[in-house]
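> next one to model:
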Amino acid sequence: MGDTGPTGPVMDRDEVDRALARLGAEHEAIETSLLALQDHAGRRLLEGAELTGVTSERWAAAEASITLLWTYFDAYTGALRTAREIRSRRRWSSREDLVELTELLRGEAVTVAGSAAATANAPTLHGGPGRLSERYSLATLVDRMNQLYATSLDMVVAADAVWSALPARIDLLAAELQRTRRLAHSVGVRPGEHPAGDDLERITRTLAKLREQVVSDPLAFWRPAEGSSAPGGGRPDTMVYDREARALEDVRREIDAVLAVRQDAEQRIVRLRDVLSRADRTLAEARTARGEVLAKIAATEVPVVSGPPIVLQEQLAAAAEYRRHAQWHRLSPLLESLEEKAEDELLRARESLTAVTAPLAVRAELRGRLDAYKAKVARLGFAEDPELVEKYEKARRMLWSAPCDLRVAEQAVLRYQYAAVELLGSAPRVPGQGGPVDRTGPGA
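The predicted structure follows:
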């Protein structure tokens, strides 16, 4: 078409019809989106909530944007209705109609009155304060509406996502917290008396404050997705909630440990009494053995045997008292400490007995060695050898007399042993009495 107008070439009837069909479809899509935004649960919640912080600021801007959206949409609707009326005047539009339609569909023919106040509330969205009225093309108007719609929807969706995710989870955690507090109180875990009780109080305060903040300022707990421009791209920030949930789980484990103490406290105390009793008896045996060693063994350093530790008995008595008064939170750490100390005490008593009786063990080993060599000598027919009899009797008197000097007795046993080995090594082999003599020991 060769005719031109202020906005360029004049559109023909087919171009006008196609443009009206496209604009009609856009109008329907925009209207559907605006009505969905108007009915969005997040927007209704924002309208009725007492907002604070960043949410209050952004909702004020979003409300202005939504108001301006409808203003733009009404202007867009009016312009589309006017264009349809012009096109419907006659089946074959005149040149004047086509010039008017071209100006309306392509030019800046849409006047938006009174938009300056709205644009002043959202200068970053609309390029700063406007005039009392502004003129737009339909294409520009659609771009403006799309931009306003995206930013408004992003804010509404983000707030709704936080409200949908966090308050309910906080309430569930708070209910679990209350159950845990009642259980903790029943086992004596209370604030000021047990660290877990103090933790429960802190978690209670933190959750109450967190819920209040989430309800009044949900956008403070929204983390936009990096690189995403889609409305609502991001996720609720659950860092504080997750931290308190972990803290409550730690407290529950602590209380479970206290409950376990309550269930088996009596058996554990009985076992402790038994361990400490065995340690006492072992120490008593060590003291008796020390007296025997001092009487029977000469020239020997015998370690002193200490008495049972009074502190452990006092702590055991305190544990029994805690159990009687159901002070499980105090009993739990005391039992753990006592069990370790009681085992250490039993080990110390056994080591003390071993150290004290070591000289007697040495004497018993020497006696056994002496008798083993005597038996071997007798088996091979040398029991009456005068030298061996003399050395044996001398060693025997030393080992079976008190006090026994172990160093001298050991030398006597060695002299008998060497004499026996020497005699057996030089003796002819006796038929029927085995092979060569074993020179390394008494044999069997």
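> the residue most distant from the middle of the protein, which is it?
What lies farthest from the middle of the chain is residue 386; by Cα atoms, centre = their mean that is 82.9 Å.
> show the pLDDT at that residue.
Looking at residue 386, its pLDDT is 86.
> check the one 3 residues further on too.
Reading off the confidence values, residue 389 has pLDDT 86.
> can you report how many residues neighbour the closest residue in space to it that isn't next to it in sequence?
Spatial nearest neighbour of residue 389, chain neighbours left out: residue 383 (7.9 Å); criterion: Cβ to Cβ, 6 or more residues apart in numbering. The C-beta positions use only the backbone N, C-alpha and C, and glycine is treated the same way. For residue 383, the count of nearby residues is 13 (other Cβ atoms under 10 Å).
> just give the closest residue to residue 89, not the sequence neighbours.
residue 97 (6.3 Å).
> make that residue 398, sorry
residue 409 (4.0 Å).
> what about the one you found, which SS state?
Going by DSSP: H, G, I helix; E, B strand; the rest coil, the secondary structure assigned to residue 409 is helix.
> per-residue pLDDT of it, please?
87.
> check residue 184 and give its pLDDT.
Residue 184 is given a pLDDT of 88.
> now name the helix or strand holding it.
If you go by DSSP states H and E, residue 184 is part of helix 138-186.
> and the following helix or strand past that helix, what's its mean pLDDT?
Note on helix 138-186: by DSSP H and E, the next helix or strand toward the C-terminus is helix 195-216. For helix 195-216, mean pLDDT is 93.
> helix 195-216 packs against which elements?
Judged by 3 or more Cβ pairs under 8 Å, 6 or more residues apart in numbering; DSSP states H and E, helix 195-216 is in contact with helix 138-186, helix 239-296.
> tell me what the longest one is packed against?
So the one you mean is helix 239-296. helix 138-186, helix 195-216, helix 310-324, helix 328-356, helix 358-379.
> what comes up buried for the fourth one?
If I follow you right, that is helix 328-356. Neighbour-count burial for helix 328-356, with 16 or more other Cβ atoms under 10 Å as criterion, is recorded at 328-332, 334-335, 338, 341-342, 345-346, 349-350, 352-353, 356.
> and the third one, by the same measure?
By neighbour count on 16+ other Cβ under 10 Å, the buried set for helix 310-324 is 312, 315-316, 319-320, 322-323.
> pick the one among those residues closest to residue 273.
Using Cβ to Cβ, residue 316 comes nearest to residue 273 of the buried residues of helix 310-324, at 6.7 Å.
> list the contacts for that closest one?
Contacts for residue 316 (Cβ atoms under 8 Å, 6 or more residues apart in numbering) come out as 269, 272-273, 276, 338.
> same check, this time on residue 403
For residue 403, the contacting residues are 295-298, by Cβ under 8 Å, 6+ apart.
> and the nearest residue to residue 268 once chain neighbours are set aside, how far is that from residue 311?
Nearest non-adjacent residue to residue 268, counting by Cβ to Cβ, 6+ apart: residue 335, 5.5 Å away. Taking Cβ to Cβ, to the nearest Å as the measure, residue 335 falls 15 Å from residue 311.
> same check, this time on residue 366
41 Å.
> repeat that for residue 276.
As judged by Cβ to Cβ, residue 276 and residue 311 stand 11 Å apart.
> between those two, what contacts are shared?
With the criterion set as Cβ under 8 Å, 6+ apart, the contacts of residue 276 and residue 311 do not overlap.
> about what we covered before: am I right that the residue nearest to residue 89 is in contact with residue 86?
Yes: judged on Cβ atoms under 8 Å, residue 97 makes contact with residue 86 at a distance of 5.5 Å.
> ok, the two, which is more surrounded?
Set residue 97 next to residue 86 and count neighbours by other Cβ under 10 Å: residue 86 wins out with 19 against 16.
> confidence score at the more buried one?
85.
> count the neighbours of residue 146 for me.
Residue 146 is flanked by 14 other residues according to other Cβ under 10 Å.
> where exactly do the helices run in the stretch 1-150 of the chain?
Using DSSP state H, counting those that start in this stretch, the helices found in the stretch 1-150 of the chain span residues 13-39, 41-48, 53-87, 95-106, 116-121, 123-126, 138-186.
> would you turn the ones you listed into TSV with distance to residue 226?
As requested, these are exported to TSV (distance: least, Cβ to Cβ, whole Å):
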stretch	distance to residue 226
helix 13-39	25
helix 41-48	23
helix 53-87	19
helix 95-106	39
helix 116-121	28
helix 123-126	21
helix 138-186	15
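> quick one: pLDDT of the nearest residue to residue 362 once chain neighbours are set aside?
With sequence-adjacent residues excluded and distances taken as Cβ to Cβ, 6+ apart, residue 362 is closest to residue 406, at 5.6 Å. Per-residue pLDDT puts residue 406 at 83.
> was I right about residue 406 contacting residue 366?
Yes: applying Cβ under 8 Å, one finds residue 406 in contact with residue 366, separated by 7.4 Å.
> how near is the residue nearest to residue 362 to residue 364?
11 Å.
> what about the two, which has more around it?
Neighbours of residue 406 and residue 364, each counted by other Cβ under 10 Å, are more numerous for residue 406; the result is 19 against 12.
> distance check, the more buried one against residue 295.
14 Å.
> circling back: just name the most buried of the helices and strands packed on helix 195-216.
helix 138-186 (a mean of 18; mean count of other Cβ atoms under 10 Å).
> what's the angle between that one and helix 328-356?
60 degrees (axes from the mean of the first three to the mean of the last three Cα atoms, to 10 degrees).
> now stretch 25-41: buried residues?
For stretch 25-41, by 16+ other Cβ under 10 Å, it's 26-27, 30, 33-34, 37, 40.
> including pLDDT, could the residues you listed go into TSV?
Converted to TSV, these look like this (pLDDT from 0 to 100):
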residue	pLDDT
26	89
27	90
30	90
33	91
34	92
37	90
40	90
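> so which residue is smack in the middle of the chain?
The chain, centroid-nearest residue using Cα atoms, centre = their mean: residue 246 at 5.8 Å.
> so who does that residue touch?
Contacts of residue 246 (Cβ under 8 Å, 6+ apart): none.
> any idea how far it is from residue 337?
27 Å.
> ditto for residue 267
For residue 267 relative to residue 337 (Cβ to Cβ), the value is 17 Å.
> now the residue lying closest to residue 266 once chain neighbours are set aside: how far from residue 243?
Excluding its sequence neighbours, the residue lying closest to residue 266 (Cβ to Cβ, 6+ apart) is residue 323, at 7.0 Å. According to Cβ to Cβ, residue 323 stands 35 Å off from residue 243.
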